[in-house]
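[1] Pasting a predicted model and its sequence here:
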Amino acid sequence: MIPGLGALTQDTLWCFSQLKGTVEIGATEADIISTVEFNHTGELLATGDKGGRVVIFQREQESKNQVHRRGEYNVYSTFQSHEPEFDYLKSLEIEEKINKIRWLPQQNAAYFLLSTNDKTVKLWKVSERDKRPEGYNLKDEEGRLRDPATITTLRVPVLRPMDLMVEATPRRVFANAHTYHINSISVNSDYETYMSADDLRINLWNFEITNQSFNIVDIKPANMEELTEVITAAEFHPHHCNTFVYSSSKGTIRLCDMRASALCDRHTKFFEEPEDPSNRSFFSEIISSISDVKFSHSGRCIMTRDYLTVKVWDLNMENRPVETYQVHDYLRSKLCSLYENDCIFDKFECVWNGSDSVIMTGSYNNFFRMFDRNTKRDVTLEASRENSKPRAILKPRKVCVGGKRRKDEISVDSLDFSKKILHTAWHPSENIIAVAATNNLYIFQDKVN
Amino acid sequence: MSQKQEEENPTEETGEEKQDTQEKEGVLPEKAEEAKLKAKYPSLGQKPGGSDFLMKRLQKGQKYFDSGDYNMAKAKMKNKQLPSAGPDKNLVTGDHIPTPQDLPQRKSSLVTSKLAGPSFRLDRKKLVRKEGESRMP
């Protein structure tokens, strides 16, 4: 390999780096990871789980002694973000599961992130404390109040070093703004506002104001019998603070401009791929439902994930995607059983790499797929404990559709549909990926020569 | 003229036929799956992606418990076993009486996440310290 040339000339080799979490025995449902997100520098990696907990990993600085090992991620902080609730008025159980985590860009020494469950968004501040004041006059060292009558001299408290402590505190709680279940949150590029989207509505918040939000999209019909589609995901444009997109269960994406009107019910752009009516089946609408939408880092494209494909759309072309990638088309002949076991409703996410040249999404059997948009090559990799030796290179996997099965291939019928990779994340600038496999978090890196 | 047409038509037809077969083959797995599903569940609605799905999705998390119903049922059925809530307990209220035992325990996870390791303690050496930055209070 000629040094200096990038992944275009040679396929990237991915290696195992780290595995977080325990073996299946002892894992509870609360341990299932429900969201993974790098922060804007890639220094921090946050995960949220079904039990409402957030765990943040921090990348260690690369030491000169260990050139072959790039910085590993170690636990930095963990806290209980959301608790289970019961809305007695509506007889509604509110899960504590963290649906999404989104980082704010760093503006001072502390880190800020938004985490949300079905109903409530919270802003968390994660900060370090390595000094504490000592020498109070009115309190003793244990914090007990001193009798003022016993104080004869005054002293000035001083800050003394202490063992490093990382504290997470909830700074804002944005509650009671969503009748339906929140599926997305997105921080605006103005860093002053963010949006939260549920099945039928999207609200715009200011970070400083928790008791009010603006409703910017409302697709609830006057008569619920006429309901035909719901909002499945939403995201702000990475640079234009007036622009956002939202996807629907019917496979369409709407781009809205907040300058046009206060209520963005009328879209500025409408992205839909025409469907051949003769291809329509019972499953068509279900598998066309978009489970995730992501702007490219450049802001020129959006990527959508539906049940069987990932599509890249150019913002300037509404009538069809510019690229379509098959994730696991072999499942088309399994739709009946996937409908019966509810897997057809699984919501897979998709991510861009830092340069928007490669896209990644998950599949079943702990497989995940990467598509290189330039070379048009794709690869299937597996997150498995067997391939968990340090720096072990991941071998590409292949699913055999029919006929002769080669030695290393796996047949469609042998796929484990309970092992689904719904959540993945890609470091903003390096080839480091985090893959959530049920209750385990895998971190892979490209091969360091 | 008519001869030409006759000559042209067969090729057109084969062309169309080919296209048809190709399309059918491409769609075949999906339509075959649909047929399978309809065979298993003949009562499946006409409008597949329509209101029923979406309403079910919007109602996720609804659990009905009426203490009045519960106490009345308890009083009526002192000698019999209380009916236990079936698998569809989310859907209909009044047809069955969920009991407090049926509503799952809503306990928060007081246990630290296993991702954080068995005994999570900050390793001071491994933590990245930002030199020279003032700490916010």
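    Nice, thanks for sending it over. Numbering: from 1, shown residues only, chains lettered A, B, ... in the order given.
[2] Could you confirm whether the longest strand along chain A reaches chain B?
    Ranked by residue count, the top strand of chain A under DSSP state E comes out as strand A:158-174. Yes. Strand A:158-174 comes into contact with chain B (CB under 8 Å from any CB of the partner chain), by way of A:D163, A:L164, A:M165, A:V166. All C-beta spots, glycine's among them, are computed from the backbone N, C-alpha and C.
[3] Identify, from the residues you listed, the entry nearest to A:A177.
    A:V166 (29.9 Å; CB to CB).
[4] can you count the residues close to the closest residue to that closest one other than its chain neighbours?
    Using CB to CB, 6 or more residues apart in numbering or on different chains and skipping the chain neighbours, the partner closest in space to A:V166 is A:S77 (4.3 Å). Burial measure for A:S77: 23 neighbouring residues, criterion other CB atoms under 10 Å in any protein chain shown.
[5] low pLDDT regions in the chain?
    Here I'm looking at chain A. A:1-10, A:24-27, A:63-69, A:448-449 (pLDDT under 70).
[6] was after chain B, sorry
    B:1-27, B:45-51, B:61-67, B:70, B:73-74, B:77-110, B:118-137.
[7] Distance of A:P148 relative to A:E318?
    Distance of A:P148 to A:E318, given as CB to CB, to the nearest Å: 74 Å.
[8] What of A:T22?
    A:T22 is 47 Å from A:E318, by CB to CB.
[9] thinking again about what came up before, parallel or antiparallel, list what pairs with the helix or strand just after the longest strand of chain A.
    Counting by DSSP states H and E, the next helix or strand C-terminal to strand A:158-174 is strand A:184-187. Its sheet considered, strand A:184-187 pairs with strand A:193-197 (antiparallel) by DSSP bridges.
[10] How about the residues of the stretch 201-350 of chain A by chain B?
    So far as CB under 8 Å from any CB goes, the stretch 201-350 of chain A lies against chain B at A:224-230, A:249-250, A:276, A:278-279, A:281-286, A:289, A:332-336, A:339-340.
[11] Which ChimeraX command selects the buried ones in the residues you listed?
    Buried members of those, defined by 16 or more other CB atoms under 10 Å in any protein chain shown, are picked up in ChimeraX with:
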select /A:227,229,230,249,250,281,282,283,284,285,286,289,332,333,334,335,336,339
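[12] Inside helices: which ones of the residues of the stretch 201-350 of chain A next to chain B?
    A:S284, A:E285, A:I286, A:L335, A:C336, A:Y339, A:E340 (DSSP state H).
[13] Among the residues you listed, which one lies nearest to A:P157?
    Lowest distance from A:P157 to those (CB to CB) belongs to A:I286, with 64.2 Å.
[14] Check the gap between that closest one and B:A39 for me.
    Plainly put, A:I286 is 18 Å away from B:A39 if you go by CB to CB.
[15] wait, what's in contact with A:S291?
    A:T232, A:A233, A:R305, A:D306, A:Y307, A:D346, A:K347, A:F348, A:E349 (CB atoms under 8 Å, 6 or more residues apart in numbering or on different chains).
[16] Considering these, which possesses the most neighbours?
    Greatest neighbour count in those, by other CB under 10 Å, goes to A:R305: 27 neighbours.
[17] what sits opposite that one in the beta ladder?
    A:D292, A:V310.
[18] Tell me how many other residues crowd A:T380.
    Count around A:T380 with other CB under 10 Å applied: 19.
[19] So what touches the helix or strand containing it?
    For A:T380, the host element (DSSP H and E) is strand A:378-382. By CB under 8 Å, 6+ apart, the surrounding residues in contact with strand A:378-382 are A:11, A:14, A:325, A:363, A:365-372, A:394, A:396-399, A:444.
[20] Quick one: residues contacting A:S298.
    A:S298 neighbours (CB under 8 Å, 6+ apart): A:P238, A:D356.
[21] how close does it get to chain B?
    Computed as CB to the nearest CB, to the nearest Å, the A:S298 to chain B distance reads 29 Å.
[22] Angles on the backbone of that residue, please.
    phi -70, psi -20 (degrees, to the nearest 10).
[23] With B:K31 instead?
    Phi and psi for B:K31, reported as degrees, to the nearest 10, are phi -70, psi -30.
[24] Could you report the neighbour count for it?
    The number of residues packed near B:K31 is 17, by other CB under 10 Å.
[25] which secondary structure elements does the helix or strand hosting A:F86 contact?
    Using DSSP H and E, A:F86 maps to strand A:85-87. Judged by 3 or more CB pairs under 8 Å, 6 or more residues apart in numbering or on different chains; DSSP states H and E, strand A:85-87 is in contact with strand A:92-94.
[26] Do any residues in the strand it packs on lie close to chain B?
    Yes. Using CB under 8 Å from any CB, strand A:92-94 reaches chain B at A:L92, A:E93, A:I94.
[27] Need the contacts of A:S291 in TSV (columns: secondary structure).
    Shown next, in TSV, are these (DSSP: H, G, I helix; E, B strand; the rest coil):
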residue	secondary structure
A:T232	strand
A:A233	strand
A:R305	strand
A:D306	coil
A:Y307	coil
A:D346	coil
A:K347	coil
A:F348	coil
A:E349	coil
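[28] Out of these, which is nearest to chain B?
    Distance ranking of these against chain B, using CB to the nearest CB, places A:T232 first at 10.0 Å.
[29] about what we covered before: neighbour count winner among A:P148 and A:E318?
    A:E318 (17 against 8).
[30] wait, what's in contact with the spatially closest residue to the more buried one that is not a sequence neighbour?
    The shortest distance from A:E318 to any non-neighbouring residue, by CB to CB, 6+ apart, is to A:F271 (5.0 Å). Residues near A:F271 by CB under 8 Å, 6+ apart: A:T252, A:I253, A:R254, A:L255, A:I302, A:W313, A:E318, A:P321.
[31] same deal with A:L44?
    A:L44 makes contact with A:F38, A:I56, A:F57, A:Q58, A:R59, A:Y76, A:W103, A:Y111 under the criterion CB under 8 Å, 6+ apart.
[32] run the last query once more with 6 Å
    Contact partners of A:L44, counting by CB atoms under 6 Å, 6 or more residues apart in numbering or on different chains, are A:I56, A:Q58.
[33] That one pairs with what?
    A:Q58.
[34] distance of it from A:I432?
    12 Å.
[35] The closest residue in space to A:E43 that isn't next to it in sequence: how many residues sit nearby?
    In space, A:E43 comes closest to A:R59 once its chain neighbours are excluded; the distance is 5.4 Å by CB to CB, 6+ apart. Counted with other CB under 10 Å, the neighbours of A:R59 add up to 23.
[36] Quick check, A:R59 in contact with A:N74.
    No. Using CB atoms under 6 Å, A:R59 makes no contact with A:N74, being 8.1 Å away.
[37] Doesn't B:A75 lie inside a helix?
    Yes. B:A75 forms part of a helix when assessed by three-state DSSP.
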